[in-house]
Structure formats: C-alpha cells, structure tokens
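Colleague: The sequence and its predicted three-dimensional model are supplied below.
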Amino acid sequence: MLHIGNVNLPLCSGVNRRSFLQAGAAAMAGLTLPNLLKLEAAGAVNEKKAKIRNCITLFLVGSPGHLDTWDMKPDAPDDIRGKFRPISTNVPGIHICEHFPRMAKMMDKVALIRSLSYNSGASHENGQRWMMTGHDFSAANKQPHMGSVISRVFGPKGDLPASIVLPAGIGNTGTSTPHGQESAYLGSAHQPFFLGSDPSRADFKVADLESPVGQSELRVEARRKLLHEIDELQRHVETSSTVERDTAYARAFNLLTNPTTKKAFDLNDEPAKLRDRYGRNSFGQSCLMARRLIERGSRFVTVNQFDTVFGISCWDMHADGGSLNNTYADYEHVLCPQFDMAFTALLEDLQQRGMLEDTVISVISEFGRTPKINPKGGRDHYPSAWTNFFAGGPIHGGRVIGSTDKIGAAPHDRPVSPPQVVASIYQAMGIDLETTMLPGPGGRPVRFIEAEPIRELFS
Amino acid sequence: MDQKLEGTPKATLQISGRKVTSGEITNHWGTRLQWKVSRDGKEIATVGAGIELTFEHPETVPGKYEVVLQQFHYLNYKKDKDGKFTESKYVNISEPVSYTI
C-alpha cells in the first residue's frame, strides 16, 4: 500500500517508492489535492494502523561548538581543544562537556550523532534550511518546515495547531535568505503557529490569542458566523482553496475563542517547582510549554533557543568584540547551564508523565564551529563537522553514531547528512518513508526526503 | 529577543561543621551557580556548584569563614576586551553562613 498524505493507495507488491516515482506520478489518477485536503480536514489520520508519535525539536540557534560541548578532543593541542574539560556520563566510554552535569547522568537516553556535515555554504540560514527541512533551496523554491509536513500528513489533533514554534520565529541571522520555518507549497493551513512572546516573562500573553482591541468576544463570534456564511457561498464555486482557507480560519478562531486552547499556553497552571526545574528563562519555559502543548494535542513543537545571533548571548561564539561577541564566558555562565537544566527537565518530565515513548526529541543546530580557536578566542562557522542528538520515541539512547577525526575537522566514520537527520525524525514519528508520499507543489506526489534514516538510531 | 530573567532566585543554606548544604532554589534562572568563600571579610575563592548543592571548603587557615551561594545574573552580553561580562554578574541568592577555624 502506498500513502499520499493520509490517503492509502493500492501498490503492487514489491514496488517501492523509488520505482513508483519512476513509473510516473501521472498514474495517480483520480486523486486530487482538494480530495486530499478534505480528507485531512475531516481528520482522516489512521492512527490505529501506525504508531504515530509527536516531536519536540530544540533548535540551538547560533550553533554550539562541537569541540566545546558534545565532541570534545582533550588530547588535541591547546588552540583546538578549548578551555572546557570532558566528564564521564552514565554510559561508559561517552564523555561530554563538564558544563552538562545533568545531561551526563541521562546519557543512556540520548543518541549523539557526531559526524554531521554538509558542504553548501556556512551561513546560519543555510544550516537552518538544511536542518529544518532537509533541503537547501532559494526563496523562489521554498521547501516546507518539518512541522508543516507533519501538519499536512498527520493533520491536527484537537483544537491546537499541529505545528507550533516557540517562543518566536527566527529573525535576522545574517542574510535575507529563508530560514526554513514556513509551510511553503503546503499552504497557509499548515503554516506553523508562531507564539511571538516570551513565556518566561511575568506579563506573558500570547498576542495572537487576544481579541483585537475594541472587539468583544461577542463581536468576534458574530464575525465568525458571518465568515462561515460567506464561505458556504464560496464553496459552491471553489474547491481546494476554500477547503484550505476553511481550515486556517477555523484554527484561528478556535485559538482566539476557545478557553481550553488559551489555557494550553498558560504556564501558571504548572507547579512552581517544575517551572524552576526547567529554569526561569526563555528557553527553559519554552521547553516546558512545548511539553504542555504536545500533551494537549500539538504534533510538532519547535523551540528556537534564540531568534537572532546579534547583540545577545547565544552559541555563535565569534568573540568578534562587536555584535557577535559571544565567548567562552557565555557558554560557561549562561548557555550550557541553561541548556543542561531545560533539556534534562524535559526528558524527566516527559518520562514521569509516560510521554517519552511517544515523543521524539531532536536537538539540532545549523553547523559546528571551527576546530582552531580564532585569534580573538572564539570559533567561527563550520559545517564540515558537528554533533546533534536525539532522545525519546523509538530512539535507542546511550550511543554515539559516527565520529570525527583527531581535531574534529571532518567525519572520521559514518558521515551523516542533514537530510538523513530529517528522514530519521519522520521515521521516528511513525512515517513509513518507503510507502508514504507527500503531496508536493500542485498536488504532485513527492518523496518526503531524498535520504534514508539513520538506522543505528533505531536498532 | 534577548532573554530577561524573571523573578529572584532564593536558597536557604544549612551548615554542619564546615559542610554547607543548600535547599532547593526557587525562581532558578538556570544560569551557573557558584559558592563564594570569604575569610575574615575578604573573598578567597569562588567554586562552581555541583548538582547536589553541597560544599566544603578545603582550607583550614584559622579565621572566620563565610559561605554564600551565588547565581549568574544575565543582563546583557556586553563584555570587555578579554571577553568577560561587564554588566552581567554573580549575585547572592542566599544569606551567608559562617564558621570559625
């Protein structure tokens, strides 16, 4: 059986997706995009036939230096190994940076991929596109964010959007090229919902969930009814675009008017002790909110640790003395401790609630950082080698996949590409990449990703 | 958006001989913790705090020792030419405890 989105199609035994594509997508007679969209709008996800999981992706904007965090080289020369020391973990033979002591105690749940690389440019946006879509592309040929793909394939579950980005979308990271956090050709119905507010703030409110100033809830409801009547008229003359817009509007109104939905974003419902455990900072509270949203029906929550790399403390440690003046001091006093608290709190919290098995956690970044420390004491962009990691869901923890050479300059064995990471996330979430196709531009079936999952994560 | 740390972290210390133990920290910012040790009113050491939040300073030079738990208060990323923070800094999050040798 072949699936396009949520729709099952008969397929001759022994024919895989590659040969199917070679036979020509035109064979998909009778299956139109409007039909697919209607099926999805009706919630046609067959969760009984597949083990569907959710995903929380922590995107470490700016990118930690792999040699200073999860791929340390203590025997390398001074100007390469950096100032931090490795510590043992609860998995013999795996060592990580001394500033992740909590993570070290939970390494049996984590699978490190130490041999990531790509060679198509070292801008932040390049890395963001690769890691959040599995593709590199231009503004004219945008590819959808993983969360949008999941929204399209699984559909929503309840009133919350299937894909949510916390606390904000990625803004200025250097160039004006796409960041890979849009729905692209999948349309507005699958655009991630961007929170646009810092959940750690005492005055936190979700801007998009507040009624516009001067409009009572009664008036908002009256507008919804009017819009519904207009849509009914339009439905007689339009097909796919109407259905898609229906879905988007329905979600917007649900978010605006449904008290349960609003409550999903209210961290004041969480025990103070738990909020402390995550860390009372933007990243920690966003991780807690991610768990809360997954618990209430979201499928894919992305936490952007930062929305820029300029003028803030972030992983982008150029130490340039200007607006990119992050140094080892940022790593030691702010970034590593905050990550260590939030990541391990999320693992613990999901496990205690029985959610870890059904929730994949991916921790990804744009690239690594140069093996040789620059003259100002920082490290610069380096996509030729870096480390990201997974936990939860079907991921087998306590292992290291791939390695780099003696100075962390290049993969030494088992090189892994960004599309393989994205393929692994899809597979971990329950998508059979061999038998499922994605409705591409114009409804043409396309492969989810041109790569195979990293098999060692699952066996 | 740059992060603004909300709330004020607070911890209560207990002392037994020279061993200092902190209770749970409320309003934990998630930033690094350290023990600041003073002898006869003069700072003599700062030591990173482990997960267990217990600490025993090894020095036995006679004097009055004071120990306090501190947390890094991130205000902004501004640094000097050596890459050290200029405005963000460690602040006390407990009352000090003391002992005399």
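Modeller: Yep, it's here. Numbering: from 1, shown residues only, chains lettered A, B, ... in the order given.

Colleague: does chain A sit close to the longest strand belonging to chain B?
Modeller: Under DSSP state E, the strand in chain B containing the largest number of residues is strand B:64-73. Yes - residues of strand B:64-73 contacting chain A under C-beta under 8 Å from any C-beta of the partner chain: residue B:72. Every C-beta, even on glycine, is put in place using the N, C-alpha and C of the backbone.

Colleague: CA atoms only: put that strand into PDB for me.
Modeller: The C-alpha coordinates for strand B:64-73 follow below in PDB (Å, rounded to 0.1, in the frame of the first residue of the first chain):
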ATOM      1  CA  LYS B  64      36.100  33.400  60.300                       C
ATOM      2  CA  TYR B  65      34.800  31.800  57.100                       C
ATOM      3  CA  GLU B  66      31.600  32.900  55.300                       C
ATOM      4  CA  VAL B  67      30.000  31.000  52.500                       C
ATOM      5  CA  VAL B  68      27.200  32.200  50.200                       C
ATOM      6  CA  LEU B  69      25.500  30.700  47.100                       C
ATOM      7  CA  GLN B  70      25.600  32.900  44.000                       C
ATOM      8  CA  GLN B  71      23.900  32.700  40.600                       C
ATOM      9  CA  PHE B  72      24.900  34.400  37.400                       C
ATOM     10  CA  HIS B  73      22.500  37.200  36.600                       C
END
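
Colleague: so what strands line up beside it?
Modeller: Looking at strand B:64-73 with DSSP bridges, its partner strands are strand B:33-39 (antiparallel), strand B:89-92 (antiparallel), strand B:97-100 (antiparallel).

Colleague: which one of the ones you listed has the most crowded surroundings?
Modeller: Per-stretch averages of neighbours, counted by mean count of other C-beta atoms under 10 Å in any protein chain shown, single out strand B:33-39 among those, with a mean of 19.

Colleague: So which residues of chain B form strands?
Modeller: For chain B, the strands defined by DSSP E occupy B:13-16, B:19-22, B:33-39, B:42-48, B:54-56, B:64-73, B:89-92, B:97-100.

Colleague: got those strands as a markdown table, with mean pLDDT and distance to residue A:105 columns?
Modeller: Output for the strands of chain B, formatted as a markdown table (pLDDT from 0 to 100; distance: least, C-beta to C-beta, whole Å):
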| stretch | mean pLDDT | distance to residue A:105 |
| --- | --- | --- |
| strand B:13-16 | 98 | 24 |
| strand B:19-22 | 98 | 19 |
| strand B:33-39 | 98 | 17 |
| strand B:42-48 | 98 | 17 |
| strand B:54-56 | 98 | 16 |
| strand B:64-73 | 98 | 21 |
| strand B:89-92 | 98 | 25 |
| strand B:97-100 | 98 | 28 |
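
Colleague: any chance of these in CSV, with distance to residue A:134 too?
Modeller: Converted to CSV, the strands of chain B look like this (distance: least, C-beta to C-beta, whole Å):
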stretch, distance to residue A:134
strand B:13-16, 50
strand B:19-22, 45
strand B:33-39, 39
strand B:42-48, 39
strand B:54-56, 46
strand B:64-73, 37
strand B:89-92, 42
strand B:97-100, 54
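
Colleague: Now do the longest strand of chain B against strand B:42-48, angle only.
Modeller: Interaxial angle, strand B:64-73 versus strand B:42-48 (axes from the mean of the first three to the mean of the last three C-alpha atoms, to 10 degrees): 50 degrees.

Colleague: Show me which residues of strand B:64-73 are buried.
Modeller: For strand B:64-73, burial by neighbour count (16 or more other C-beta atoms under 10 Å in any protein chain shown) applies to B:65-73.

Colleague: which secondary structure element contains the most centrally placed residue in chain A?
Modeller: Geometric centre of chain A, nearest residue: residue A:57, 3.6 Å, by C-alpha atoms, centre = their mean. Counting by DSSP states H and E, the element that carries residue A:57 is strand A:54-59.
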